[in-house]
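Visitor: Pasting the sequence and the predicted model now:
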Amino acid sequence: MLEYQKQDCSLTIAEGLECYYNSFPKSKEVFKDNPQSGTLLRDHDCTHVIFGLDISLEHEAVLDSWVLWGCSFKWKYLLGYNKLPELKELNKRLFKELGVIGFIKLYWKVGAIKRKVIYRTFKMQKKWPFKVPEQYLSMKISDLRKMHGIKILLQEEMNYEPTKWSGSINN
């Protein structure tokens, strides 16, 4: 378990991001912001940190529910994420390898987890801002979770068989 995956984590969001980036295996590329993306990649990565999720496909699928139901965002900004060249290429590789059936299986597998997430978003005091305010980066994750009423999923609630693909964490 990574430090930011503990509900009462005392790291700041910036420190949590470093922990998240350091969790990438050496063989995996960390996509960083550039002039085209602005802070979009960082903002996405902050959602992994605040909701306590890693870089696996299953956690990405679960994150969709946290973002759609538990975040405030502008659709244009959010949809810009999938327009980034590095994400287009990654999605192309994923679809080529897993196919539509593989994605259906992935989302089916985490369906119960996604329902738990949606339920928890209704208990939040306020939505997490997908476009992260700069001052949040120096704030403690535990304080931000309290402020927003975010109760992350425990490891035992994330019960699934990991999807095997060439980009898996273990490869």
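Guide: Cool, got the structure.
Visitor: Can you tell me the number of residues neighbouring the residue nearest to residue 163 when sequence neighbours are not counted?
Guide: Computed as C-beta to C-beta, 6 or more residues apart in numbering, the closest residue to residue 163 that is not its neighbour in sequence is residue 57, at 4.9 Å. All C-beta atoms are positioned from the backbone trio N, CA, C, and that covers glycine. By other C-beta atoms under 10 Å, the residues close to residue 57 number 22.
Visitor: Which pLDDT value belongs to residue 57?
Guide: As predicted, residue 57 sits at a pLDDT of 89.
Visitor: Is it correct that it is in contact with residue 105?
Guide: No - assessed by C-beta atoms under 8 Å, residue 57 is found out of contact with residue 105, at 10.6 Å.
Visitor: residues bridging contact with these two, i.e. touching both?
Guide: Residues within reach of residue 57 and of residue 105 at once, by C-beta atoms under 8 Å, 6 or more residues apart in numbering, are residue 163.
Visitor: Pull up the gap between residue 41 and residue 68, please.
Guide: Counting by C-beta to C-beta, to the nearest Å, the separation of residue 41 from residue 68 is 19 Å.
Visitor: other SSEs contacting the helix or strand bottoming out on mean pLDDT in the chain?
Guide: Lowest on mean pLDDT, DSSP states H and E among the helices and strands of the chain sits helix 85-109, with a mean of 89. Packing contacts for helix 85-109, counted by 3 or more C-beta pairs under 8 Å, 6 or more residues apart in numbering; DSSP states H and E, involve helix 57-70.
Visitor: Please state the offset of the helix it packs on from the chain centre?
Guide: Relative to its parent chain, helix 57-70 has a centroid offset of 6 Å by C-alpha atoms, centre = their mean, to the nearest Å.
Visitor: Which pLDDT value does the model give the residue positioned nearest the centre of the chain?
Guide: Geometric centre of the chain, nearest residue: residue 48, 3.1 Å, by C-alpha atoms, centre = their mean. Residue-level confidence at residue 48 comes out at 97, pLDDT.
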